[in-house]
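>>> no sequence for this one, just the structure:
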Ligand code: PA5
């Protein structure tokens, strides 16, 4: 389902790929058997088969049961608890889903930052809406969504004084532990489980992504089918020639050759959130022990008018991966909608040569031209090419990046499933805000900040 075009990757870098191939195949075997570093946290691998399709059936009952009283869904969560749902939702729905009539309900986010303004403006919007809220936190203790949930609960109580919060709230958290689980049990809030063996950033195809997406009307069955297809292909043929292992080896070869930064370039603005998800997946999984490729993104053609100059001629640091969908515009209505450059005889804008051409072809041509230009500028470039931007291909692509990330961790010799570095900012925050148990720590930081 994915083709890799690596013609614009330098031969000197490609030659190194063979050196990593057997390690990548070995890593995949470990992943499949749940061995080595994958022994406790690889529950996402093959998830559609062992849990996903059953969960999908339960989920259908849940969505049907809560009636259709809600007109939007609010996710309270951060990092792996929110980025996946946003990635899929934005990629598959109308850009102006809140204002245009579509088959999808809008998806909003709260508690993915601590901005007072973001809280208040979301509340302003919700005052005209009838929301269903999904609070997601594996640990149940993350500060941002915990504040978000309190704010949301108060708001729900004020807006619907006669109704219990449980009518409009579901919780997704660990099966037994954490504050959110305790809260759900005490208040009889409907709940779903984040499997203990799946970390946040690998959880989009578990309840974490599937519940909010299903509530919004996304076809989660085909998302799971797409991921399942990748796992099936790898089950049959985990050879180093499979595109997913090839991609993992190419990015590792680039890293070893002195390119410690990957730019994910895309030409469909609705893929921005998908690239935010990709950044978290690779950034949090690989960036440790002084190692890792820094993941970044480039929205085409917009960012060519800001970062394009640097990419073409600035310091050589990065390789570039172009993410290309042949048909990036899901035609839900079944109506063919083609937009061509309008004819305008006699116009002086020098566009006559483009008249009547499909705008999406112009867009694809811009991607190809950019790839060759950047390669000429000394940037190793490859393209990941897919067909239609639909649920199935997106599910496949999610699983593709997850496998590449897990295997890439083995190539770098880092554990892709932990994130010890994230604790530093949390400790400072707790100390400064006076969380019990962090007082001494807080004093030290305050001295350093304020003398
Ligand atoms: O990938 C991860 O593990 C993290 O990004 C978490 O998803 C994020 O920190 C949120 O954690 P939690 O779901 O426990 O609130």
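Ah, there it is. Keep in mind it's a predicted model, so treat the numbers as computed, not measured. Numbering: from 1, shown residues only.
>>> which strands or helices does the helix or strand where residue 424 lies pack on?
Take DSSP states H and E as the rule and residue 424 turns out to sit in helix 422-433. Here helix 422-433 touches helix 439-450, going by 3 or more Cβ pairs under 8 Å, 6 or more residues apart in numbering; DSSP states H and E. To be clear about C-beta, it is placed using only N, CA and C from the backbone, and glycine gets the same treatment.
>>> which parts of the helix it packs on are buried?
442, 445 (16 or more other Cβ atoms under 10 Å).
>>> where in the stretch 301-450 of the chain is pLDDT low?
Filtered on pLDDT under 70, the stretch 301-450 of the chain yields the residue ranges 330-336.
>>> closest point of it to the ligand, which residue?
Using Cβ to the nearest ligand atom, the point where the stretch 301-450 of the chain gets nearest to the ligand is residue 419, with a distance of 5.8 Å.
>>> same question for the stretch 101-250 of the chain.
For the stretch 101-250 of the chain, Cβ to the nearest ligand atom, closest residue to the ligand: residue 200, 2.1 Å.
>>> check contacts around the closest residue to that residue other than its chain neighbours.
Nearest non-adjacent residue to residue 200, counting by Cβ to Cβ, 6 or more residues apart in numbering: residue 80, 2.3 Å away. Taking Cβ atoms under 8 Å, 6 or more residues apart in numbering, we find residue 80 in contact with 138, 199, 200, 201, 202, 203, 204, 208, 280, 284.
>>> swap in 10 Å and give it another go.
By Cβ atoms under 10 Å, 6 or more residues apart in numbering, residue 80 lies in contact with 136-138, 194, 198-204, 208-209, 277, 280-281, 284, 419.
>>> ok, now how distant is it from residue 219?
22 Å (Cβ to Cβ, to the nearest Å).
>>> then residue 148?
In terms of Cβ to Cβ, residue 148 sits 28 Å off from residue 219.
>>> higher neighbour count, the two?
residue 148 (28 against 16; other Cβ atoms under 10 Å).
>>> the more buried one should be in a strand, yeah?
No - Residue 148: not assigned to a strand; according to DSSP: H, G, I helix; E, B strand; the rest coil it is helix.
>>> would you mark the buried spots in stretch 64-71?
residue 70.
>>> what's the end-to-end length of that stretch?
By Cα to Cα, to the nearest Å, the extent of stretch 64-71 from end to end equals 14 Å.
>>> how about the helices of the stretch 1-150 of the chain, start to end?
With DSSP state H, counting those that start in this stretch as the criterion, the stretch 1-150 of the chain has helices at 11-33, 47, 53-65, 83-92, 116-126, 143-159.
>>> what residues does the stretch 351-451 of the chain have near the ligand?
Within the stretch 351-451 of the chain, the positions near the ligand by Cβ under 6 Å from any ligand atom are residue 419.
>>> need the strands for the stretch 351-451 of the chain, in chain order.
381-388 (DSSP state E, counting those that start in this stretch).
>>> before we move on, what about the stretch 151-300 of the chain?
So, for the stretch 151-300 of the chain - with DSSP E, counting those that start in this stretch - the strands run 169-173, 191-193, 261-266, 294-299.
>>> so which of those strands comes closest to residue 315?
Nearest to residue 315, of all the strands of the stretch 151-300 of the chain, is strand 261-266, at 10.2 Å by Cβ to Cβ.
>>> average pLDDT for that closest one?
Across strand 261-266, the average pLDDT comes to 98.
>>> report the buried residues of it.
262, 263, 264, 265, 266.
>>> and it, what does it pack onto?
Counting contacts by 3 or more Cβ pairs under 10 Å, 6 or more residues apart in numbering; DSSP states H and E, strand 261-266 is packed against helix 243-256, helix 272-286, strand 294-299, strand 318-327, helix 359-376, strand 381-388.
>>> okay if I get those as JSON lines plus mean neighbour count?
As requested, the helices and strands packed on strand 261-266 are arranged in JSON lines below (neighbours: other Cβ atoms under 10 Å):
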{"stretch": "helix 243-256", "mean neighbour count": "23"}
{"stretch": "helix 272-286", "mean neighbour count": "22"}
{"stretch": "strand 294-299", "mean neighbour count": "20"}
{"stretch": "strand 318-327", "mean neighbour count": "22"}
{"stretch": "helix 359-376", "mean neighbour count": "15"}
{"stretch": "strand 381-388", "mean neighbour count": "19"}
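>>> which of the ones you listed sits closest to residue 436?
helix 272-286 (27.8 Å).
>>> what about the closest one, near the ligand?
Yes - using Cβ under 6 Å from any ligand atom, helix 272-286 reaches the ligand at residue 284.
>>> packing partners for that helix?
With contacts defined as 3+ Cβ pairs under 10 Å, 6+ apart, helix 272-286 has these neighbours: helix 83-92, helix 243-256, strand 261-266, strand 294-299, strand 318-327, helix 391-412.
>>> nearest residue to the closest residue to the ligand within the stretch 251-400 of the chain in space, please, no chain neighbours.
Closest approach between the stretch 251-400 of the chain and the ligand, counting by Cβ to the nearest ligand atom: residue 284, at 5.5 Å. Nearest residue to residue 284, sequence neighbours excluded (Cβ to Cβ, 6+ apart): residue 419, at 5.0 Å.
>>> so what's that neighbour up against?
Shown in contact with residue 419 (Cβ under 10 Å, 6+ apart): 79, 80, 199, 200, 201, 280, 283, 284, 285, 287, 288.
>>> how many neighbours does the closest residue to residue 166 other than its chain neighbours have?
Distance criterion Cβ to Cβ, 6+ apart; nearest residue to residue 166, sequence neighbours excluded, is residue 189 at 4.9 Å. Applying other Cβ under 10 Å, we find 20 residues neighbouring residue 189.
>>> residue 189 against residue 165, yeah?
Yes - because the distance of 7.2 Å satisfies Cβ atoms under 10 Å, residue 189 is recorded as touching residue 165.
>>> next, show the common contact partners of those two.
residue 133.
>>> residues from the stretch 51-200 of the chain in reach of the ligand?
Counting by Cβ under 6 Å from any ligand atom, the stretch 51-200 of the chain comes close to the ligand at 78, 79, 80, 81, 137, 138, 139, 142, 145, 199, 200.
>>> and the furthest pair within those?
The farthest-apart pair in these, when distances are taken by Cβ to Cβ, is 145 and 199, at 16.1 Å.
>>> how many residues are close by residue 358?
12.
>>> what sits against it?
So residue 358 contacts 338, 339, 340, 341, 364 (Cβ under 10 Å, 6+ apart).
>>> same question for residue 233.
Residue 233 touches 1, 242, 243, 244, 396, 399, 400, counting by Cβ under 10 Å, 6+ apart.
>>> of those residues, which is the most crowded?
The most neighbours, when these are compared by other Cβ under 10 Å, belong to residue 399, which has 29 neighbours.
>>> I'd say that residue and residue 49 touch.
No - taking Cβ under 10 Å as the definition, residue 399 is not a contact partner of residue 49, at 11.8 Å.
>>> identify the contacts common to those two.
Listed contacts common to residue 399 and residue 49 are 224, 227, 228, 231; contacts here mean Cβ under 10 Å, 6+ apart.
>>> fine, thanks again, bye for now.
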